[in-house]
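Student: Provide a 3D model corresponding to the input given below.
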Amino acid sequence: NGIIGRPVSVASSADGIKILMGTEGGYLYRSTDGGLSWISRLATVSGNWSGVASSTDGTKLLAANNGGYLYVSRDSGNSWIEQTAAGTGAWMAVASSADGTRLVAGRWGGAIYTSTDSGATWTAQTSIGNGYWYAIASSADGLKLATVSYGGGIYTSQDGGVTWTLRSSAGYGYWGSVTSSADGSVLIAAQRKEGIQQNSEIIPGHLFISLDSGATWTQQPVEGEWAAVVTSAYGNKIVAAVVSGNLYTQYCSTAPGIAGSLMGQQWDTVELQYVGAGTFMVRSYDGDLSFQ
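Tutor: The predicted structure follows:
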């Protein structure tokens with residue numbers, strides 16, 4: 001397929017047609033046909049493209065070169081601007097608002113940086129301190145953020161990254177990914193492993209779900225080395241991946257508005273939580289339920 005390097009990061013427009021992919025030991029690649037064909041972008045710069053992000057229309061893009069610079073494109077990846085003001089570093093995680101105006105990036109062992117002007121200027125957010133920022137997620141407006149620290153905790157911000165809160169109810173672990181619904185109310189964090197015992201045995205990780213912008217978290221029962229997780233705009237459809245394993249999907253809430261419904265048998269029980277936009281999230285159930 002002509003792709004140099006191992007694919008390690010991907011971002012897509014809302015319609016799934018425009019895709020940006022970063023590789024390890026290679027280049028950035030761009031597809032405008034839903035992944036059927038790929039063209040290398042920024043071919044003069046190779047590296048470990050550990051994180052990429054896209055606006056919903058696929059026009060504004062952000063890419064992190066681990067060990068190099070951040071790069072911004074405002075023309076669907078045709079041209080790129082090196083973000084020298086943010087400096088070089090072990091950039092690991094990036095996220096973007098829906099319109100590509102608010103951007104956020106985290107360094108491994110360093111600070112979190114934010115931009116409110118599509119990357120024209122960057123600000124180091126010192127209130128959260130330094131950390132091993134492995135993943136970052138953003139709401140559509142770019143104000144509600146969530147980030148995970150590898151070997152640490154989950155942090156959330158309600159003001160675009162100016163101030164942060166450690167969400168200790170989810171505990172600590174070696175986090176691999178975090179994702180957000182469009183309004184920032186539903187968050188899912190993926191734990192690669194909970195910890196390592198004294199005999200070097202790995203304690204498997206879990207998925208954690210929050211329905212209140214990170215204030216409280218619920219551990220999901222399936223254990224695994226969870227490497228990545230993404231969710232739909234409403235937060236009701238989830239896809240998660242295990243290292244060297246399977247993809248898992250979860251569809252756990254009603255459709256928005258009057259189209260949503262639940263079906264079950266007599267004596268089935270269900271606990272619902274309203275998450276906004278005409279949508280109820282199923283917190284728990286006992287029986288054989290189906291959702292629409």
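
Student: Confirm for me that residue 235 is in contact with residue 186.
Tutor: Yes: here residue 235 reaches residue 186: they are 2.8 Å apart, a contact under C-beta atoms under 8 Å. Glycine gets a C-beta too; all of them are placed from N, C-alpha and C.

Student: For the stretch 101-250 of the chain, just list every one of the helices.
Tutor: Applying DSSP state H, counting those that start in this stretch to the stretch 101-250 of the chain gives no helices.

Student: Show me the shaky parts of it.
Tutor: Within the stretch 101-250 of the chain, the segments meeting pLDDT under 70 span 196-199.

Student: go again using 80 as the cut-off
Tutor: Within the stretch 101-250 of the chain, the stretches falling below the threshold (pLDDT under 80) are 195-202, 236, 250.

Student: Wait, residue 183 touches residue 140, no?
Tutor: Yes: contact criterion C-beta under 8 Å: residue 183 and residue 140 qualify, at 7.0 Å.

Student: Can you tell me the element residue 48 falls in?
Tutor: strand 47-54 (DSSP states H and E).

Student: orientation of the next helix or strand along the chain from that strand relative to strand 47-54 in degrees?
Tutor: Per DSSP H and E, strand 47-54 leads on to strand 61-68 as the next helix or strand towards the C-terminus. With axes from the mean of the first three to the mean of the last three C-alpha atoms, to 10 degrees applied, the angle from strand 61-68 to strand 47-54 works out at 160 degrees.

Student: So for strand 61-68, what gets flagged as buried?
Tutor: 61-66, 68 (16 or more other C-beta atoms under 10 Å).

Student: What is the nearest of those residues to residue 154?
Tutor: residue 64 (20.1 Å; C-beta to C-beta).

Student: Report the contact partners of that closest one.
Tutor: 22, 49-52, 70-71, 91-94, 105 (C-beta atoms under 8 Å, 6 or more residues apart in numbering).

Student: if I look at residue 87, how far off is residue 102?
Tutor: Noted for residue 87: a distance of 20 Å to residue 102, by C-beta to C-beta, to the nearest Å.

Student: meant to ask about residue 132
Tutor: 23 Å.

Student: again with residue 166
Tutor: 22 Å.

Student: Tell me who's in contact with the closest residue to residue 203 other than its chain neighbours.
Tutor: Leaving aside its sequence neighbours, residue 203 sits nearest to residue 194 (C-beta to C-beta, 6 or more residues apart in numbering; 4.2 Å). Residues counted as contacts of residue 194 (C-beta under 8 Å, 6+ apart) are 171, 173-174, 203-206.

Student: what about residue 47, distance to residue 27?
Tutor: Residue 47 sits 8 Å away from residue 27, going by C-beta to C-beta.

Student: same deal with residue 241?
Tutor: For residue 241, the distance to residue 27 (C-beta to C-beta) stands at 23 Å.

Student: do the same with residue 147
Tutor: Residue 147 is 26 Å from residue 27, by C-beta to C-beta.

Student: Have a look at those two and say which one is more surrounded.
Tutor: residue 147 (28 against 19; other C-beta atoms under 10 Å).

Student: Name whatever forms a beta bridge with the more buried one.
Tutor: residue 136, residue 155 (DSSP bridges).

Student: close enough to count as contact, it and residue 177?
Tutor: No: between residue 147 and residue 177 there is no contact under C-beta under 8 Å: 10.8 Å.

Student: Give the residues shared as contacts by those two.
Tutor: With C-beta under 8 Å, 6+ apart, residue 147 and residue 177 have common neighbours residue 135.

Student: Spatially nearest residue to residue 191 (excluding sequence neighbours)?
Tutor: Nearest residue to residue 191 in three dimensions, chain neighbours excluded: residue 205, at 3.0 Å (C-beta to C-beta, 6+ apart).
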